[in-house]
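Participant: Pasting the sequence and the predicted model now:
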Amino acid sequence: MHVHVVAPTEERPYRTLITSGMSELPMTVPEGHDISPYAELMLSLPADWPLTEVAGFGDETGWPLRILKQVARLPHEYGTWIGEWHSVPNGDPAQPYATGTPFAGVVVAPMLRVPPEARTIDVGGGIRIALLALIPLHPEEIAVKVERGTDALIEVLDRGRITELLDPRRPSYA
């Protein structure tokens, strides 16, 4: 599993992290779900996020890299699948990913900062790779999803205008 870093541009003034390797194997998607068994994950960081080529998974700024790799491995390690609006807490009970961050879980969501046609990659042979975003969540937002369901969480995210671009200082909107 690799994480590629796309540098900021004038058009996209933030860093984009994208997994590579998750789609090498199909996920185990149950019958009746009309989603691709192939996926990769992404999230975006502010351009000034202190991320270097040697950023470690254990340091306080490396947690977005760690989370991308953990969630990307999850379907293959457990013989399952992930798709839009699945949530993955950081433990039970959910704990912050690092000192100084309030985020303790993620929700898998459609990418919101790109046109719909940029959300999949057709690689030929009928194989389509879904590009899914990870959105870090506060513990209260995770609780909304668990207690009230996906629609309630979507309302919370919409209220805060939350996208895959991580704002490390954003408040909880739950």
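Facilitator: Noted; the coordinates are in hand.
Participant: What sits closest to residue 105 if chain neighbours are left out?
Facilitator: Distances taken as Cβ to Cβ, 6 or more residues apart in numbering put residue 89 closest to residue 105, at 3.8 Å, once the chain neighbours are dropped. In short, each C-beta sits where N, CA and C put it, glycine included.
Participant: Contacts only, for the one you found.
Facilitator: 104, 105, 142 (Cβ atoms under 8 Å, 6 or more residues apart in numbering).
Participant: could you pull out the strands for this protein?
Facilitator: With DSSP state E as the criterion, the chain has strands at 2-6, 14-20, 38-46, 87-89, 105-110, 120-124, 127-137.
Participant: Can you lay out the ones you listed as CSV showing mean pLDDT?
Facilitator: Shown next, in CSV, are the strands of the chain (pLDDT from 0 to 100):
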stretch, mean pLDDT
strand 2-6, 91
strand 14-20, 93
strand 38-46, 95
strand 87-89, 95
strand 105-110, 95
strand 120-124, 90
strand 127-137, 95
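Participant: among the ones you listed, which is nearest residue 165?
Facilitator: Closest approach to residue 165 among the strands of the chain is made by strand 38-46 (4.4 Å; Cβ to Cβ).
Participant: can you list the strands of the chain in a markdown table and add distance to residue 80?
Facilitator: Below are these laid out as a markdown table (distance: least, Cβ to Cβ, whole Å):
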| stretch | distance to residue 80 |
| --- | --- |
| strand 2-6 | 21 |
| strand 14-20 | 17 |
| strand 38-46 | 12 |
| strand 87-89 | 11 |
| strand 105-110 | 13 |
| strand 120-124 | 21 |
| strand 127-137 | 15 |
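Participant: can you tell which of these is closest to residue 148?
Facilitator: Taking the strands of the chain one by one with Cβ to Cβ, strand 87-89 is closest: 12.3 Å.
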